[in-house]
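**Student:** predicted coordinates and the sequence they were generated for:
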Amino acid sequence: MLSRSFGILSRRCEYHSGRVLLAEAVAASETASAKPVSKSVKDKLKRRELRRHSKRKADARKPASSYPLYMPISQALRYLRAAEVGQPISQQIITITTDVVSERGNLNLNGNISYNTPIKDVKIAVFSNDPEKLAKIKEEHNCHLIGGTDLVEKIKSGKQPVDFDKAFATPDISPMLTSQLARVLGPRGVLPTIKKGTVSEDVSSLIKGSIGLMPFRQTGNSISVSVGRCNFSDKQILENIIAVRSAYNTTLSSQKSKKPSLLGKTTITSTHGPGITIDFA
Amino acid sequence: MSAKQISFLNKISFKTKKPQILIDSAKYSGLRLTFQYQNHNGHMGARKFWHEYLPTLKFYNPALQVDVLRVRNNDKSNVRVPCKLEVISKDGEVLKTINMKNQKHTSIMDRLLEEVEHKPVPTKDLIEI
């Protein structure tokens, strides 16, 4: 009776998904007489996993043009813009998703992308007591607020609203900021501190390093980042895609593993649009 | 799987025949549509026009600026919400106004073709996947 029921079980297993298989294997291993069955099921699972992994690896090496939905990027963008027509501009976000094939034990890929054209405009405030430096920064960057002690007084008295997203300072004014404005700026997370790395003599390079930086992170078997909005020009989006690729390559080359992860198929899509395979590598 | 996606792309670029026109970009800069989120008071045709025809129009006229302004109006007795299609000139002036209220999306498209100077897209430029 028992053996017959297990016979049915193992036959049924062939049609089941991996998770059900595993659950059944665990249930079967609980009874002592079921040991041979559970072993074969485990073997099956392992072989299936290997098979899937090698298939994904082979797929990752295929050229993008072998996929049925392959298109040059300019044509893909034409379709995406058509699909997004009339939607609010804040919703027309273009995203690219890349498949990642990682070996067992590899850490998830993550890093930062520095975009030529950031998707969101970041308002910057710079504090310094050195007028020369301020003038130089004002020339180089598009800063929202700039000033020294007088600006601190204005913000403290409430005349100047705190409407910036990032703040930088030079060391000469930093103690004053902490003592005077910590209660105003601290809760919003825009108080420049040495610990956060937003206080330096060379504010200019700090700003360059932090504008347009976007973090990315591998989730599951893919990485997905937004590269622009539909009202960006083709050139701006292409430059952003190239920035994404170089960021991925830096992360891959710094991966501490004998077998680095592989990048596979890349698709471009928008909020309401179709997914289209593009050239990436 | 991909058959459904390909048919979606072909609907934009090939299967929808009426809006396969080239609009003179030297004369017209864009279209501006105003209608309700809700279908009542005859605003359904406008919404269908946006969904059925505007993607193709945008696909073959990338320079055409299309703005869709939708107004929320849950009050059925409020009939003052406009339902109109404006054709904008190069200088930002309204050249033509088409009333879309109580009209089907096909007849709105016919009216647009009457009002706006255009020529059909040459057959060799049509894209089919």
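**Tutor:** Arrived safely. What you see is a predicted model, and the numbers here were worked out from it, not measured in a lab.

**Student:** the longest helix anywhere in chain B - contacts with which helices or strands?
**Tutor:** Looking across chain B with DSSP state H, the single longest helix is helix B:105-115. Packing partners of helix B:105-115 (3 or more C-beta pairs under 8 Å, 6 or more residues apart in numbering or on different chains; DSSP states H and E): helix B:44-52, strand B:84-89, strand B:94-99. Any C-beta I mention is one placed from the backbone N, CA and C, and that applies to glycine too.

**Student:** what helices or strands is the longest one leaning on?
**Tutor:** Judged by 3+ C-beta pairs under 8 Å, 6+ apart, helix B:44-52 is in contact with strand B:28-36, helix B:105-115.

**Student:** where does pLDDT dip in the stretch 1-150 of chain A?
**Tutor:** For the stretch 1-150 of chain A, applying pLDDT under 70 flags the ranges A:1-37, A:132, A:134, A:138-142, A:144, A:150.

**Student:** how about the stretch 151-281 of chain A?
**Tutor:** Counting by pLDDT under 70, the low-confidence segments of the stretch 151-281 of chain A come to A:158-163, A:183, A:185, A:188-190, A:195-197, A:200-203, A:208-209, A:212, A:281.

**Student:** make it 90
**Tutor:** Counting by pLDDT under 90, the stretch 151-281 of chain A has low-confidence residues at A:151-221, A:231-232, A:252-263, A:279-281.

**Student:** enumerate the residues of it near chain B.
**Tutor:** For the stretch 151-281 of chain A, the residues in contact with chain B (C-beta under 8 Å from any C-beta of the partner chain) are A:274-276.

**Student:** list the contacts of the helix or strand encompassing residue A:78.
**Tutor:** Assessed by DSSP states H and E, residue A:78 sits inside helix A:73-83. For helix A:73-83, the surrounding residues in contact (C-beta atoms under 8 Å, 6 or more residues apart in numbering or on different chains) are A:71, A:94, A:230, A:234, A:237-238, A:241, A:268-270, A:272-274, A:276, A:278-279, B:9, B:12-13, B:55-56, B:58-59, B:62, B:127.

**Student:** circling back: which of the residues of the stretch 151-281 of chain A next to chain B has the largest number of neighbours?
**Tutor:** residue A:276 (24 neighbours; other C-beta atoms under 10 Å in any protein chain shown).

**Student:** so that one touches residue A:67, yeah?
**Tutor:** No. With contact defined as C-beta atoms under 8 Å, residue A:276 does not count as touching residue A:67 (9.4 Å).

**Student:** in space, what's closest to the residue in chain B that chain A sits nearest to - neighbours in sequence excluded?
**Tutor:** Ranked by C-beta to the nearest C-beta, the top residue of chain B for proximity to chain A is residue B:68, at 3.3 Å. The shortest distance from residue B:68 to any non-neighbouring residue, by C-beta to C-beta, 6 or more residues apart in numbering or on different chains, is to residue A:86 (3.3 Å).

**Student:** circling back to that earlier point, deepest-packed of the helices and strands packed on helix B:105-115, please.
**Tutor:** Greatest average neighbour count among those goes to helix B:44-52 (a mean of 20), per mean count of other C-beta atoms under 10 Å in any protein chain shown.

**Student:** how about TSV for the helices and strands packed on helix B:44-52, with mean pLDDT and mean neighbour count added?
**Tutor:** TSV is the format used below for the helices and strands packed on helix B:44-52 (pLDDT from 0 to 100; neighbours: other C-beta atoms under 10 Å in any protein chain shown):
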stretch	mean pLDDT	mean neighbour count
strand B:28-36	92	21
helix B:105-115	92	16
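
**Student:** can you pull up the most central residue in chain A?
**Tutor:** Nearest to the geometric centre of chain A sits residue A:216, at 2.2 Å (C-alpha atoms, centre = their mean).

**Student:** what residues are up against that residue?
**Tutor:** Contacts were defined as C-beta under 8 Å, 6+ apart; by that measure residue A:216 touches A:109-113, A:223, A:225, A:244, A:247.

**Student:** would you reformat the helices and strands packed on helix B:105-115 as JSON lines and include mean pLDDT?
**Tutor:** Below are these laid out as JSON lines (pLDDT from 0 to 100):
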{"stretch": "helix B:44-52", "mean pLDDT": "93"}
{"stretch": "strand B:84-89", "mean pLDDT": "92"}
{"stretch": "strand B:94-99", "mean pLDDT": "91"}
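
**Student:** which parts of chain A are helices?
**Tutor:** Counting by DSSP H, the helices of chain A are A:2-13, A:18-30, A:35-61, A:73-83, A:131-140, A:149-157, A:174-185, A:203-210, A:234-253.

**Student:** what about residue A:68, how many residues nearby?
**Tutor:** Neighbourhood size, residue A:68 [other C-beta under 10 Å]: 11.

**Student:** so residue B:36 sits against residue B:44, correct?
**Tutor:** No. Between residue B:36 and residue B:44 there is no contact under C-beta under 8 Å: 9.4 Å.

**Student:** need the contact list for the residue nearest the centre of chain B.
**Tutor:** Residue closest to the average C-alpha location in chain B (C-alpha atoms, centre = their mean): residue B:54, at 3.9 Å. Going by C-beta under 8 Å, 6+ apart, residue B:54 touches A:85-86, B:19, B:66, B:68.
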